[in-house]
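Student: Sequence first, predicted model second:
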Amino acid sequence: MEAITYEEFGGPEVLRHEAGVTVPEPGAGQVRVKVAAVGVNPLDHKRRHGWVEAFYPTTFPAVPGLEFAGTVDALGEGVTGVEAGDEVFGWTTTGAYAEYALAEVFVPKPAGLSWERAASIPVAGETARRVLDLLALKEGETLLLHGAAGAVGALAVQFAVAAGVTVVGTASARNHDFLRGLGAIPVTYGEGLADRVRAAAPQGVDAVFDAAGHDTLPVSIELTGGAKERIVTIAAVDAEEHGIVFSGVTVAPPLARTWLTAHARLAAEGRLRLDIAETFPLKEAARAQELSESGHVRGKLVLLP
């Protein structure tokens, strides 16, 4: 089968498009899927660089990618409730940048949800929910969300606003109308951010969700009055130096499946906005990761094997 592989840590140039990769065989509790769409995430390039080995250890040769949408192709021992030909989406155990992948955590894809949008749900939805739960936000509180226009940020804005939380979201000026449409108060990142946030939220900031990194932690600590326990990052690799929680571990499979189902239903019903920034053929995975690593993508990048 065709797949993207890499055998060492490094930049996009370490990614190889190969045509002779062995098709994986499903083990007990697994299904094999014919991949139709793959979500590209910042975590993909962080793993490629070797920056998150503490959370996601790598075995070479590696196939990137955590999330997929596709059609069940084969069943492993003990798998019930699904048949070959069923359309599903979820998390892979073998890497999603490939024609075929194995999966254990997956749910049915609603008929009204496109392959691209389905493949955009697992990582962004789980991450947004997980971090908001860690922050224990209450109705009426104010959340500062760094990187609010990205895939994770945009879903987190929608979940938080629906829960009655005021969201101040950092983004470039070109994304401010987008954030207003989601219900957030947009502010531009960069020098002077603290003053702009105070002007946007004179009531103060109760919690911070950092989905951007890029020196966001010092100003976050300042704006919360030193309440480090109300700050969570998924992007700042220097979190430990600042005494901030870095959340990089996914939730248990039963909860992950529950969230996948709920998010897919909301998206299929038009009650959860999932913007696709751009799609790429599988062979252009390096270009997609390079764009993701730039940090200036609104919405989701998707590969189409």
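Tutor: Thanks, I have it. The structure presented is a predicted model; accordingly, all values stated were derived computationally and were not measured. Numbers count the residues shown, from 1 in each chain.
Student: Is the closest residue in space to R117 that isn't next to it in sequence in a helix, a strand, or coil?
Tutor: The shortest distance from R117 to any non-neighbouring residue, by CB to CB, 6 or more residues apart in numbering, is to L274 (4.9 Å). Glycine gets a C-beta too; all of them are placed from N, C-alpha and C. When classified by DSSP: H, G, I helix; E, B strand; the rest coil, L274 comes out as coil.
Student: let's have the chain start at 20 instead
Tutor: Done: numbering now begins at 20, and the last item shifts to L293.
Student: Next, find the distance separating L293 from L198.
Tutor: To L198, L293 is 15 Å away according to CB to CB, to the nearest Å.
Student: try P141
Tutor: Note on P141: its distance to L198, by CB to CB, is 23 Å.
Student: More neighbours: which of these two?
Tutor: Taking neighbours as other CB atoms under 10 Å, P141 and L198 compare with P141 leading, 29 against 24.
Student: ranges for the strands of this structure?
Tutor: Ranges of strands within the chain are 22-24, 35-37, 50-59, 86-94, 106-111, 119-127, 161-165, 185-189, 204-206, 226-229, 250-252, 264-265, 295-300, 319-323, based on DSSP state E.
Student: Would you single out the least confident of the ones you listed?
Tutor: Sorting the strands of the chain by mean pLDDT places strand 264-265 lowest, at a mean of 92.
Student: So which residues make contact with that strand?
Tutor: Counting contacts by CB atoms under 8 Å, 6 or more residues apart in numbering, the residues outside strand 264-265 that touch it are L153, E248, I250, V251, T252, I253, A255, V256, A258, E259.
Student: biggest separation within those, which pair?
Tutor: Farthest apart among those by CB to CB are E248 and V256. That separation is 20.0 Å.
Student: on that earlier part again, out of the contacts of strand 264-265, which are buried?
Tutor: L153, I250, V251, T252, I253, A255, A258 (16 or more other CB atoms under 10 Å).
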